[in-house]
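> sequence plus the predicted model coming up.
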Amino acid sequence: MFNVVLFGPPGCGKGTQSEKLIQRYGLHHISTGDLLRDEVSRATPLGVEARKFMDNGMLVPDEVVIGMISSRLEDTPDAQGFIFDGFPRTVAQAGALDRLLEFRQAPIRLVLALEVPEDELVRRLVERGKMSGRTDDTEEVISKRTKEYYAKTEPVAQYYEVQGKLQRIKGDESIDSIGTTLGKEVEKFIDPVAGTARY
Ligand code: B4P
């Protein structure tokens, strides 16, 4: 089983690039942002609680997000591998993910960190907000999300760097060229033709 994390600040292209990697490598996609938005749109108790944080540009509490990931992993025992998009976002989440994957003897092999200048991130998110109507894509909330990212999420890069798993990728190229670069990193671990692991 091959497990990879797509990492980076809001708007860096995690969702966009995940779509490409899932299609190409048959990985199972887990996006905590999508899972939370689904709970919000169904107005479940979890969604009602999560919305208060999301609309304010804050991270949803660790225990809520870790619980969601845990049940998603249990629901998909036959997956060939997972792409974690937007998770982990705190060091506590990273530790919890390691423990959850220990049961499957399938650790995170690779963390792809997309690096994009801050003004480009804001431009993308404001643009997305106009199309999607996402309530967290306004300049005011984007600024809070960015602060939250540097305070709580950026240390996760260090967590994986010391494990030798982090690859920093320039994320302000075209969508296709970033996709090609990410693909080369993934193919150091899996052979897309034979569908076999190289590790
Ligand atoms: P997410 O849904 O993960 O929001 P995001 O970080 O904005 O998404 P992403 O980075 O994937 O956006 P993308 O680049 O695809 O999270 C939303 C909220 O949920 C969080 O703020 C938090 O409150 C909560 N949450 C989620 N996970 C959590 C966790 N683990 N713990 C606690 N809380 C959590 O898209 C950006 C735009 O850029 C798109 O319009 C795209 O078309 C464009 N774009 C992408 N690549 C481009 C490129 N190369 N060039 C030009 N444009 C590009």
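Alright, I've got the coordinates. Numbering: from 1, shown residues only.
> contact residues of this protein facing the ligand?
10-16, 32-33, 36, 53-54, 59-60, 65, 86-87, 89, 93, 124, 128, 136, 145, 175, 178 (CB under 6 Å from any ligand atom). Just so you know, the C-beta spots here come from the backbone N, C-alpha and C atoms, and that holds for glycine as well.
> among the residues you listed, which are in strands?
Among the residues of the chain next to the ligand, DSSP state E puts none in strands.
> drop anything exposed from these.
Listed as buried from the residues of the chain next to the ligand are 10-16, 32-33, 36, 53-54, 59-60, 65, 86-87, 89, 93, 124, 128, 136, 145, 178; burial here means 16 or more other CB atoms under 10 Å.
> could you tell me which of these belong to helices?
Among those, DSSP state H puts 14-16, 32-33, 36, 53-54, 65, 93, 124, 128, 145, 178 in helices.
> quick check: which ranges of the chain have low pLDDT?
194-195 (pLDDT under 70).
> so how far is stretch 2-16 off the chain centroid?
4 Å (CA atoms, centre = their mean, to the nearest Å).
> for the ligand, see how far away residue 113 is.
12 Å (CB to the nearest ligand atom, to the nearest Å).
> let's verify that residue: helix, strand, or coil?
Put simply, residue 113 is strand when judged by DSSP: H, G, I helix; E, B strand; the rest coil.
> ok, now which ones touch the closest residue to it other than its chain neighbours?
Using CB to CB, 6 or more residues apart in numbering and skipping residues adjacent in sequence, the residue nearest residue 113 is residue 7, 4.5 Å away. By CB atoms under 8 Å, 6 or more residues apart in numbering, residue 7 lies in contact with 14, 111-114, 156-157, 160, 166.
> what about the helices in this structure?
Counting by DSSP H, the helices of the chain are 14-25, 32-41, 45-54, 62-75, 91-102, 118-132, 139-148, 155-161, 175-186.
> nearest to residue 1, of these?
When the helices of the chain are compared by CB to CB, helix 91-102 sits nearest residue 1, at 8.7 Å.
> in contact with the residue of the chain found nearest the ligand: list those residues for me.
In the chain, the residue that lies nearest the ligand is residue 33 (1.9 Å; CB to the nearest ligand atom). Going by CB under 8 Å, 6+ apart, residue 33 touches 15, 85-86.
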